[in-house]
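Enquirer: Sequence and predicted model, in that order:
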Amino acid sequence: MLILVAAVLVASEAAAARLSCEARTDLKGRCFTIHGVLVQANGSPGLRIWHTGTKRILGVLGDENEDEDAAVPPILRDHLGPNVRFSADWRLCPLSRERPGWMRFVCIANVHNIVVFGDGDKPLYRLEKRDR
């Protein structure tokens, strides 16, 4: 019974987080999906996604109150660190317009197929595929 309640809570948190990004009133276009690598960085914003195969860097923002903790999907929170990267399929929603030479800001609506990397190029482990 306790496991069922925990599973329902995780599913509701994932659905609420996904909705909060995709339902924001300040979106600057349609949400889109990319394959990329999330890293922690110095500066603002502190989370960035490199769109694999391009030179494009996307800055990840939190909720409309600028809460950076809200930017991190729950499945990633316990694994986040300065020397950790996440390669995944990201569903992102734009919070700024596309502008050549400028970092575009996004929020994370969903994440799938997560592979965790440390300092090297060898994957450390995979995270379970599930909604944000």
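Expert: Great, that's in hand. From a predicted model like this one, the values you see are computed outputs, not experimental measurements.

Enquirer: So which elements touch the lengthiest strand in the chain?
Expert: When the chain is parsed with DSSP state E, its longest strand is strand 104-117. Where contact means 3 or more CB pairs under 8 Å, 6 or more residues apart in numbering; DSSP states H and E, strand 104-117 is packed against helix 2-22, strand 57-60, helix 74-77, strand 85-94, strand 123-126. C-beta coordinates here come from the backbone N, C-alpha and C atoms, glycine included.

Enquirer: List the strands paired with it, with their directions.
Expert: Here strand 104-117 is paired, per DSSP bridges, with strand 57-60 (parallel), strand 85-94 (antiparallel), strand 123-126 (antiparallel).

Enquirer: Return that strand as CSV; C-alpha atoms alone will do.
Expert: Output of strand 104-117 as CSV, limited to C-alpha atoms (Å, rounded to 0.1, in the frame of the first residue of the first chain):
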residue,chain,number,x,y,z
ARG,A,104,18.1,31.1,-25.3
PHE,A,105,16.3,30.4,-22.0
VAL,A,106,14.1,27.4,-21.6
CYS,A,107,12.2,25.4,-19.0
ILE,A,108,12.2,21.6,-18.8
ALA,A,109,8.9,20.0,-19.5
ASN,A,110,10.0,16.4,-19.7
VAL,A,111,13.2,14.2,-19.8
HIS,A,112,13.7,10.7,-21.1
ASN,A,113,16.5,8.2,-21.8
ILE,A,114,18.8,9.7,-19.2
VAL,A,115,22.5,8.6,-19.1
VAL,A,116,24.6,10.0,-16.2
PHE,A,117,28.3,10.9,-16.9
